[in-house]
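> return a 3D structure for these sequence lines:
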Amino acid sequence: MVSIIELLTQFSSWVPTNWWYLIDIVVVMFIFYKLLKFLVRRMVIRFGRAPFFRYITRTTGAQETIEEIVVATTLLSDSHRGAIMAVERDVGLRGYIESGIRLDAALTYDLLVTIFQSGSPLHDGAVIIREGRLAAAACFLPLTVNPGLGRDLGTRHRAAIGLTEENDAIAVIVSEETGQVSLALEGRIERDLSADKLRARLKTLVLTRRESPSRKSSWRVNEL
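Numbering: from 1, shown residues only. Just a heads-up that it's a prediction; the model follows:
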């Protein structure tokens, strides 16, 4: 019993003496934690703004966008669902975006497939992809007036060619009649592309065309 009383007495004498030391330690540790958190946050922000990091991020995003387009195109081709997907590059497509219904949605293959279902209110017209996002759907595109094109080309193909005659966009087309996949660029059309060929062409046109990290992205840069 005596030993317990002695311990309690010693503890009671220790608490007033050392309590402020404990408070000081806790305060210093808290300040250090907040300072460290602030410094780490600044480092992350500065690293994220670095040109090389932005380049890697954009490249990864472009690869994901290409894959979503290829998967959607394959599914639409298998089910003979007509579609036009226009990919904005250096020249802005704002005028065409405003002709349709703005979405600004995350680009996924299932969203693309849903849009081009025959019962969808958005299936008529083209979708426009900007900076890896689905900018708009049901967009009107200009029809080409090139007299040298074959009569077997339908409205979708002529609209895709017409768009790419006016700017540097890429247009991917799925034929409703044949399920054939085509790609339009600079007023020309490449037909009957397999999934692998389409993927390779998009990578060539987008990824290998990229400029240095400190310069602009080849998905879209200047909004006209």
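> how many other residues sit next to Ser194?
By other C-beta atoms under 10 Å, the residues close to Ser194 number 12. Every residue, glycine included, has its C-beta placed from N, CA and C.
> quick one, phi psi at it?
phi -80, psi 170 (degrees, to the nearest 10).
> excluding sequence neighbours, find me the nearest residue to it.
Val181 (7.7 Å; C-beta to C-beta, 6 or more residues apart in numbering).
> you'd agree that neighbour is up against Leu198?
Yes: between Val181 and Leu198 there is a contact at 5.9 Å, judged by C-beta atoms under 8 Å.
> now for the two: what residues contact both?
73, 172 (C-beta atoms under 8 Å, 6 or more residues apart in numbering).
> before we move on, the earlier item: which strand residues bridge the residue nearest to Ser194?
Val174 (DSSP bridges).
> what residue is smack in the middle of the chain?
Taking C-alpha atoms, centre = their mean, the centroid of the chain lies closest to Gly132, which sits 2.5 Å from it.
> run through the residues that contact that residue.
Gly132 sits in contact with 61-62, 64-65, 107, 219, where contact means C-beta under 8 Å, 6+ apart.
> ok, Gly125 next?
Counting by C-beta under 8 Å, 6+ apart, Gly125 has contacts 84, 100, 137-141.
> below-threshold pLDDT in the chain: ranges please.
Scanning the chain for pLDDT under 70 picks out 1-24, 42-60, 208-224.
> how's it carved up into domains?
1-49, 51-206 (automatic domain parsing).
> so of those, which one's packed in deepest?
Greatest average neighbour count among the domains of the chain goes to domain 51-206 (a mean of 18), per mean count of other C-beta atoms under 10 Å.
> need the contact list for Arg151.
Arg151 neighbours (C-beta under 8 Å, 6+ apart): none.
> so it, which of the three states?
coil (DSSP: H, G, I helix; E, B strand; the rest coil).
> pull the contacting residues for the closest residue to Ile101 other than its chain neighbours.
Spatial nearest neighbour of Ile101, chain neighbours left out: Ala138 (5.1 Å); criterion: C-beta to C-beta, 6+ apart. Shown in contact with Ala138 (C-beta under 8 Å, 6+ apart): 100-101, 121-126.
> same thing but at 6 Å, please
Contact analysis of Ala138 by C-beta atoms under 6 Å, 6 or more residues apart in numbering lists 100-101, 122, 124-125.
> before we move on, which element is it in?
For Ala138, the element it lies in under DSSP states H and E is strand 133-139.
> outside of the following helix or strand past that strand, which residues touch it?
Next helix or strand after strand 133-139 toward the C-terminus (DSSP H and E): helix 155-166. With contact meaning C-beta under 6 Å, 6+ apart, helix 155-166 is reached by 82, 84, 86, 141-144, 169, 171, 173, 184-187, 189.
> from those, which two are the most distant?
The largest separation in the contacts of helix 155-166, counting by C-beta to C-beta, is between Gly82 and Glu186 at 22.6 Å.
> tell me where the protein has strands.
83-87, 101-106, 126-130, 133-139, 170-174, 181-185, 188-190 (DSSP state E).
> output the contacting helices and strands for the first one.
Helices and strands touching strand 83-87, as assessed by 3 or more C-beta pairs under 6 Å, 6 or more residues apart in numbering; DSSP states H and E, comprise strand 126-130, helix 155-166, strand 170-174.
> give me that answer again for 8 Å
helix 51-78, strand 126-130, helix 155-166, strand 170-174 (3 or more C-beta pairs under 8 Å, 6 or more residues apart in numbering; DSSP states H and E).
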